[in-house]
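[1] The sequence and its predicted three-dimensional model are supplied below.
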Amino acid sequence: MKIEKITNSHIIQSINNSFPALFLALNLASICLLINNLSSSLLASKICLLIITLLPCFIAVVLSFYLTNRIEYCLFAFIILIITKQNNIISAYLIAIVLYYLNYIFEKYLLNYHFIKDLPKFVEDSVKKIILILSFIVITFITLQIKINLDWLSLFDLPITCILIIFLYCLLFYFGYHPALLLAFLGPIQLLFLSENIQAALLNLPLEHLFTHGTMSAFANMSGTGVTIGIVLLSKKLAPGSLKAAWFGVNENVIFGLPVTKNKKAFLPFVIGGTILGSFPFVLMALGYLNKPIFDAPYLGIFIEGFLVNFDYRSIIVNLIQIGGSLLFWKFLYREN
């Protein structure tokens, strides 16, 4: 299938594989922020600000490494970001990806000319280095001519956008597709939003962003995509370990074991119910009844994860409401064979 082919493509896989290191760096910034809030530590404050400032450079290097496994790519991506002064997360992703693609195209067409193919191996390696330098010059020139407008990203702070994204996550899983493809496109935005929230908190400014990886994991995917904790507690068909897995946000055994995929009886509680239960915390954040995120703590368990995302005790109450709602949706909208 075309979706599976795109999801398994080298670029999508590289982007997704780079996220753990990048979120780890942001979590270190969040910990420094917490230390600063508790003890007014100047050192912690400086470390936090340094991480946020250097994050785009770190992204360009890490993603380039996953794309190519070659140090020279990492170095060139870093230099382009510095020279062009495009010091933001989205630009870092675009520069690393375009550098990889442009170099790939140059190598594919230039190295296939018979006069190069017939040359010794060391000459071919030299030609590859020249091509990489050419790609570097072209991208640097293009990037200096344009300024990436990020104003459109404010759309992702609207609750309706979050609702549509959660609905799409549920719908993809319902039809048997893992939403890893969405994460590759949305992950950079989530990184940007979390870093800006951390910086705002450090400077005692209002937090602006709702949509981060932490809020998606703790609320939208609480007990797994579709908030399926209800059927785990009610079902007699699922394996005994399903509750433990659901508690830590893993529910593939429910989606493919119940199954949820292409099961007409599961559409309402999973897709519609999951969207409602997963999105109402974002509405609460937008209305000011729940703190916005400053930490990413995936797979630490229900309640703990929700609390750590924003250090707000009300997140625990929200998770309890989600569990109750999930039980009601699956109890009255689903009939197990």
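    Received it, and whenever you're ready, just let me know what you need.
[2] tally of neighbours for Pro20?
    As a burial measure, Pro20 scores 11 neighbours (other CB atoms under 10 Å). Bear in mind the C-beta positions are built from the backbone N, C-alpha and C, glycine included.
[3] List the buried residues of the longest helix belonging to the chain.
    In the chain, taking DSSP state H as the definition, the longest helix is helix 10-39. Within helix 10-39, the residues that count as buried by 16 or more other CB atoms under 10 Å are 11-12, 14-16, 18-19, 22-23, 25-27, 29-30, 32-37.
[4] and it, how far out from the chain's middle?
    Put simply, helix 10-39 sits 11 Å off its chain's centre (CA atoms, centre = their mean, to the nearest Å).
[5] Past that helix, which element shows up next along the chain?
    Going down the chain from helix 10-39, the next helix or strand is helix 42-68, by DSSP states H and E.
[6] I'd like the next helix or strand past that next one.
    Heading C-terminal from helix 42-68, the first helix or strand you meet, by DSSP H and E, is helix 71-84.
[7] moving C-terminal of that following helix, what's the next helix or strand?
    Following helix 71-84 in sequence, per DSSP H and E, is helix 89-110.
[8] Just the CA trace of stretch 323-337, in CSV.
    The C-alpha coordinates for stretch 323-337 follow below in CSV (Å, rounded to 0.1, in the frame of the first residue of the first chain):
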residue,chain,number,x,y,z
ILE,A,323,-11.2,6.3,32.3
GLY,A,324,-14.9,6.7,33.3
GLY,A,325,-15.8,8.0,29.8
SER,A,326,-14.1,5.1,28.1
LEU,A,327,-15.9,2.6,30.3
LEU,A,328,-19.2,4.2,29.3
PHE,A,329,-18.5,4.4,25.6
TRP,A,330,-17.4,0.7,25.4
LYS,A,331,-20.1,-0.5,27.8
PHE,A,332,-23.0,1.0,25.8
LEU,A,333,-21.6,1.3,22.2
TYR,A,334,-19.9,-2.0,21.8
ARG,A,335,-21.1,-5.6,22.0
GLU,A,336,-18.4,-8.3,22.4
ASN,A,337,-19.1,-11.6,20.6
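[9] Need the contact partners of stretch 135-147.
    Residues from elsewhere that reach stretch 135-147, judged by CB atoms under 8 Å, 6 or more residues apart in numbering: 76, 79-80, 83-84, 86, 91, 95, 98-99, 102-103, 106.
[10] what do you get if the cut-off is 7 Å, keeping everything else the same?
    Phe76, Ile80, Ile83, Thr84, Gln86, Ile95, Val98, Leu99, Leu102, Asn103, Phe106 (CB atoms under 7 Å, 6 or more residues apart in numbering).
[11] ok, those residues vs Leu54, which is closest?
    Nearest to Leu54 out of the contacts of stretch 135-147 is Gln86 (CB to CB; 14.2 Å).
[12] Count residues in the vicinity of the closest one, would you?
    Look at Gln86: counted by other CB under 10 Å, it has 20 neighbours.
[13] Check the spacing between the closest residue to it other than its chain neighbours and Lys85 real quick.
    Leaving aside its chain neighbours, Gln86 sits nearest to Thr143 (6.0 Å; criterion: CB to CB, 6 or more residues apart in numbering). Look at Thr143 and Lys85: by CB to CB, to the nearest Å, they are 9 Å apart.
[14] So between these two, which is more surrounded?
    More neighbours surround Thr143 than the other of Thr143 and Lys85, with 20 against 11 (other CB under 10 Å).
[15] Please identify which helix or strand holds the more buried one.
    Using DSSP H and E, Thr143 falls within helix 121-145.
[16] Check what pLDDT the residue nearest to Gln86 gets.
    At Thr143, the model reports a pLDDT of 75.
[17] just the one 5 residues further on next, same as before
    As summarised for this prediction, Ile148 has a pLDDT of 71.
[18] Leu33 now?
    As predicted, Leu33 sits at a pLDDT of 89.
[19] That one touches Leu49, doesn't it?
    No - the criterion here is CB atoms under 7 Å, and Leu33 misses it with Leu49 at 9.6 Å.
[20] Which neighbours do those two have in common?
    Counting by CB under 7 Å, 6+ apart, the residues touching both Leu33 and Leu49 are Leu202.
[21] Could you measure from the residue nearest to Gln86 over to Ile97?
    13 Å.
[22] before we move on, which element is the closest residue to Ala297 other than its chain neighbours in?
    Spatial nearest neighbour of Ala297, excluding adjacent residues (CB to CB, 6+ apart): Leu308 at 4.0 Å. For Leu308, the host element (DSSP H and E) is helix 304-310.
[23] quick one: that helix to chain centroid distance?
    For helix 304-310, the distance to the chain centre is 17 Å (CA atoms, centre = their mean).
[24] out of the contacts of stretch 135-147, which one sits closest to Leu158?
    Nearest to Leu158 among these, counting by CB to CB, is Gln86 at 25.9 Å.
[25] Next up, the contacts around the spatially closest residue to Ala201 that is not a sequence neighbour.
    Take Ala201 and drop its neighbours on the chain: the residue closest to it by CB to CB, 6+ apart is Ile294, 5.2 Å away. By CB under 7 Å, 6+ apart, the contact list for Ile294 reads Ser30, Leu33, Asn197, Ile198, Ala201, Asn310.
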